[in-house]
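what would the 3D arrangement of this be:
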Amino acid sequence: MPRPQINLEEVNQLPLTYEATIPEDYLDLMGHMNVMWYTHLFSMSMMGVFRLTGLTREYMEEHQSGMFALESHIRYLSEVRVNQQVSVRSRFLDASPRRIHLIHFLVNHDKNDVAATFELVSSHVDMRIRRTSPFPEELAARIDELVKKHAALSWEAPLCGAINA
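Sure thing, here's the model as predicted:
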């Protein structure tokens, strides 16, 4: 799979969904961030995505609903090391009545590059029966607005090609 060419200025147009400083205990025997922590950082960025769409803790508790990850793909592009400042920026790619398709970009501020991408599909879930369910109209409208806004960007998202949302 060819390495995607990602323009940091373009990525910085996207909403900021998480920030962190890499602690020493994230490192592995090679002296860089272990792969499990990439998943952690991208998972934490979903809280930012939820805030953007109105999927707050209060919403989830009140409506007994949540989100489940269905499929994901990580590309590791550049090493991340201890004490480096990172952030995640998120792009909405597509949506259906029950699902969203996103790509997150892990930006390494110390190296001024994109260290990884994380493409995923996630589904709205009725937690009473633990099955997918449609987004309420208000949330669907917010998600559709973000999809349209991000579709209008002048650059193509570096999709993995393996996810069929």
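
end to end, how far does stretch 94-110 reach?
One end of stretch 94-110 to the other measures 31 Å (Cα to Cα, to the nearest Å).

give me the buried positions along it.
Burial within stretch 94-110, assessed by neighbour count using 16 or more other Cβ atoms under 10 Å, is assigned to 95, 98-108. (Glycine included, C-beta is placed from N, CA and C.)

what's the offset of that stretch from the middle of its chain?
Using Cα atoms, centre = their mean, to the nearest Å, the mean C-alpha position of stretch 94-110 is found 4 Å from that of the whole chain.

tell me the average confidence for it?
Mean pLDDT, taken over the full extent of stretch 94-110, equals 97.

coming back round to it: of all the buried residues of stretch 94-110, which comes closest to residue 160?
For residue 160, the nearest member of those is residue 103. The distance, counting by Cβ to Cβ, is 8.8 Å.

ok, longest strand in the protein?
The residue-count maximum for a strand in the chain (DSSP state E) belongs to strand 113-126.

tell me the strands beside that one, with direction?
Each strand that pairs with strand 113-126, with its direction, by DSSP bridges: strand 65-76 (antiparallel), strand 99-108 (antiparallel), strand 131-132 (antiparallel).

could these go into TSV alongside distance to residue 122?
TSV is the format used below for the strands paired with strand 113-126 (distance: least, Cβ to Cβ, whole Å):
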stretch	distance to residue 122
strand 65-76	5
strand 99-108	6
strand 131-132	10
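
if I've got this straight, residue 17 is in a helix?
No: Residue 17 is assigned strand when assessed by DSSP: H, G, I helix; E, B strand; the rest coil, not a helix.

neighbours of the closest residue to it other than its chain neighbours, how many?
Distance criterion Cβ to Cβ, 6 or more residues apart in numbering; nearest residue to residue 17, sequence neighbours excluded, is residue 48 at 2.7 Å. Applying other Cβ atoms under 10 Å, we find 19 residues neighbouring residue 48.
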